[in-house]
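> Sequence unavailable; structure follows:
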Ligand SMILES: C[S@@+](CC[C@H](N)C(=O)[O-])C[C@H]1O[C@@H](n2cnc3c(N)ncnc32)[C@H](O)[C@@H]1O
C-alpha cells in the first residue's frame, strides 16, 4: 500500500497494532467508526469459553469460529456511509452456528454483492475439508433503507474472475426470512435438484410410517427385555445421523408374537426418520442410518417415525448411510426451506423429493466417517454431489 500510494503521490499513514482485535476497545464497544473495513480474518474454531467468544457472545450460537466474530464485530464498526469487504470461507452463509453472526451482519449492513470461488483448492482448509471462499461487499445501513438486490457472481478461482457472470438476486430470494437468516445461493443447489430425475420410487425404495401405535399395542410393549421381545424404536432413539438403542428411558421392547407380527418389520438396514422435529432442531429432517445390527429377526417402529427400506429386497448398509446423510444434509434442508411453509417433512414430501443417482448416494455412504458430524456430512454431500455439476465441469 505504501508503494502504491507513493506512486500516486498520496500520503499514507498507517499503524500496525500487534494486539488482539477482538479484545480491543473498538471491537468490544463498537467505537471505531471506519470508512472502510477490508478483512481477511483468521479462521479457526474457538472454544465457547474463549474470552473472545465471551466478549462477542451476541454473535455466538453453538461452536464459534473466530472469523464469524470478526464478521460480526466489524459489522457495527462501519460508519454511516462506510463500506465493508470480507473474504472468508463460505460456511457462514448457511451454517447454523453462524445464525447469530448473520443476524448481526444483516442488522448493521446492506449486502451489495457476493462472489463465490467455486474451486475448493486454493483457500481455506479445516480438518482436511476444503472450503470455498466468498467475498462480501456491504454498506452500512445508515438510514435502514430497504434491502435491494444483491449481485451474485461465481468463478472457479482468481484466474477466471474476468469471465464471471453477475446476477442480481432479490434479497428475499437469497436471505431466509426466519430467525436463521440462511443465505442460500440457489443457483448451484437448486440446479442440482432440477438435474436429478430419480426419487425413492425409481430407486426401488419405499417410505412408510412406523406401524406400532403405542396405545393400541399396550399388550405387547414392555419396559424390559423378555424371551420373545425385540427392540422397539421411538423418536428418542433417533438422533441426527445416529441411532441409539437402548436408552433405558422408554418402553423400548416389544413382544414378537403371532398377534403382534403384523406391526413388526424385518430387521434389516434402513433409514429411520423422525416424523416431527422439535422447533429448535438444527435441520428439518432428523434421519439416521440403521445397519440391522440390533437383536431379533424383526423390529418395532413406533408411529412417530418414518422408515425407508428397499421394496421387495434388502438395502445395503452403504445405501442406508448415503441416503441418511443426503436427507440430513444442509443441501436438502435448504431445499425444503425454500419451499415456503414446510417445517415438518412428511412421507409425501419425501416421495416427491428429487434424489441423486444411487451410485452417488452409495459413494457418500462409503466415505462417511463413523460418528460424522452434520458439518462433515454437509461437506461430503456437497463434495460428491456438486462436484459433477455442469457449472464446475467446464472449470478446472
Ligand atoms: C488470513 S490472515 C490475513 C493476513 C492479511 N490481512 C492478508 O490478507 O494477507 C489472518 C491474519 O489475522 C491475524 N490474527 C489472528 N487472530 C487475530 C486477532 N485476534 N486479532 C488480530 N489479528 C489476528 C493473523 O496473525 C493473520 O495475520
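Happy to help now that I have it. Please read all numbers here as calculations on a predicted model, not as lab measurements.
> Do you know the pLDDT at residue 392?
Listed pLDDT for residue 392 reads 38.
> so what's residue 1 up against?
When contacts are counted by C-beta atoms under 8 Å, 6 or more residues apart in numbering, residue 1 touches 12, 14. No exception for glycine: its C-beta is placed from N, CA and C like everyone else's.
> quick one, phi/psi of the residue of the stretch 151-300 of the chain at minimum distance from the ligand?
The stretch 151-300 of the chain approaches the ligand most closely through residue 158 (13.6 Å), counting by C-beta to the nearest ligand atom. With angles defined as degrees, to the nearest 10, residue 158 sits at phi -80, psi -30.
> where's it relative to residue 22, distance?
29 Å (C-beta to C-beta, to the nearest Å).
> higher neighbour count, those two?
Taking neighbours as other C-beta atoms under 10 Å, residue 158 and residue 22 compare with residue 22 leading, 21 against 10.
> If I follow the layout properly, that one ends up in contact with residue 57?
No: with contact defined as C-beta atoms under 8 Å, residue 22 and residue 57 do not form a contacting pair (11.8 Å).
> Now do the shared contacts for the two.
Between them, residue 22 and residue 57 share no contacting residue under C-beta under 8 Å, 6+ apart.
> Poorly predicted segments of the stretch 101-250 of the chain, please.
By pLDDT under 70, the weakly predicted segments of the stretch 101-250 of the chain are 120-131, 143-144, 186-191.
> Of all the residues in stretch 298-318, which ones are buried?
Neighbour-count burial for stretch 298-318 flags 298-310, 315-318 (criterion: 16 or more other C-beta atoms under 10 Å).
> in the longest helix anywhere in the chain, what's buried?
Assignment by DSSP state H gives helix 374-387 as the longest helix of the chain. Buried residues in helix 374-387, defined by neighbour count with 16+ other C-beta under 10 Å: 374, 375, 376, 377, 378, 379, 380, 381, 382, 384, 385, 386.
> try stretch 25-36
Across stretch 25-36, burial judged by 16+ other C-beta under 10 Å covers residue 27.
> anything in that stretch near the ligand?
No: if you take C-beta under 6 Å from any ligand atom as the test, stretch 25-36 misses the ligand, and the best it gets is 8.6 Å.
> hang on, the earlier thing: from the buried residues of helix 374-387, pick the one nearest residue 251.
Residue 251 lies nearest to residue 374 out of those, by C-beta to C-beta, at 29.4 Å.
> So the closest one versus residue 247, what's the distance?
Going from residue 374 to residue 247 by C-beta to C-beta gives 21 Å.
> Then residue 18?
51 Å.
> okay, the two: which has more neighbours?
Taking other C-beta under 10 Å, residue 18 and residue 247 do not tie; residue 247 has more neighbours (10 against 4).
> secondary structure class for the more buried one?
coil (DSSP: H, G, I helix; E, B strand; the rest coil).
> Just to check, it is in contact with residue 237?
Yes: between residue 247 and residue 237 there is a contact under C-beta under 8 Å: 6.3 Å.
> Report the contact partners of the one residue sitting closest to the centre of the chain.
The C-alpha lying nearest the average C-alpha coordinate of the chain belongs to residue 330 (C-alpha atoms, centre = their mean; 3.2 Å). For residue 330, the contact set (C-beta under 8 Å, 6+ apart) comprises 94, 95, 283, 374, 378, 381, 382.
> Any chance of a markdown table for those, columns pLDDT and distance to the ligand?
As requested, the contacts of residue 330 are exported to a markdown table (pLDDT from 0 to 100; distance: C-beta to the nearest ligand atom, whole Å):
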| residue | pLDDT | distance to the ligand |
| --- | --- | --- |
| 94 | 81 | 21 |
| 95 | 76 | 19 |
| 283 | 85 | 30 |
| 374 | 93 | 26 |
| 378 | 92 | 23 |
| 381 | 94 | 27 |
| 382 | 89 | 23 |
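> Greatest separation within these: which pair is it?
So, those by C-beta to C-beta: farthest apart are 283 and 382, at 14.7 Å.
> tell me what the longest strand along the chain is packed against?
Taking DSSP state E as the criterion, the chain has its longest strand at strand 78-89. The helices and strands touching strand 78-89, judged by 3 or more C-beta pairs under 8 Å, 6 or more residues apart in numbering; DSSP states H and E, are strand 34-39, helix 66-75, strand 133-140.
> got the angle between the first one and strand 78-89?
Same thing as strand 34-39. Counting by axes from the mean of the first three to the mean of the last three C-alpha atoms, to 10 degrees, strand 34-39 lies at 10 degrees to strand 78-89.
> for residue 12, what are its contacts?
For residue 12, the contacting residues are 1, 2, 5, 6, by C-beta under 8 Å, 6+ apart.
> and with 6 Å instead?
Residue 12 makes contacts with 2, 5, as judged by C-beta atoms under 6 Å, 6 or more residues apart in numbering.
> that's a strand at it, yeah?
No: Residue 12 is assigned coil when assessed by three-state DSSP, not a strand.
> That one and residue 218, how far apart?
80 Å.
> The stretch 101-250 of the chain: helices as residue ranges?
Ranges of helices within the stretch 101-250 of the chain are 171-174, 186-195, based on DSSP state H, counting those that start in this stretch.
> which residue sits closest to residue 221, ignoring its sequence neighbours?
residue 251 (4.8 Å; C-beta to C-beta, 6 or more residues apart in numbering).
> Report how many residues lie close to that neighbour.
For residue 251, using other C-beta under 10 Å, the count is 16.
> so what are the domain limits for this structure?
16-183, 195-393 (automatic domain parsing).
> Mind listing residues that contact stretch 81-99?
Around stretch 81-99, the neighbours that count as contacts under C-beta under 6 Å, 6+ apart are 34-40, 61-63, 67-68, 78, 101, 109, 124, 131-140, 180, 182-183, 282, 330.
> Tell me the backbone dihedrals of residue 335, please.
Main-chain torsions, residue 335, degrees, to the nearest 10: phi -60, psi -50.
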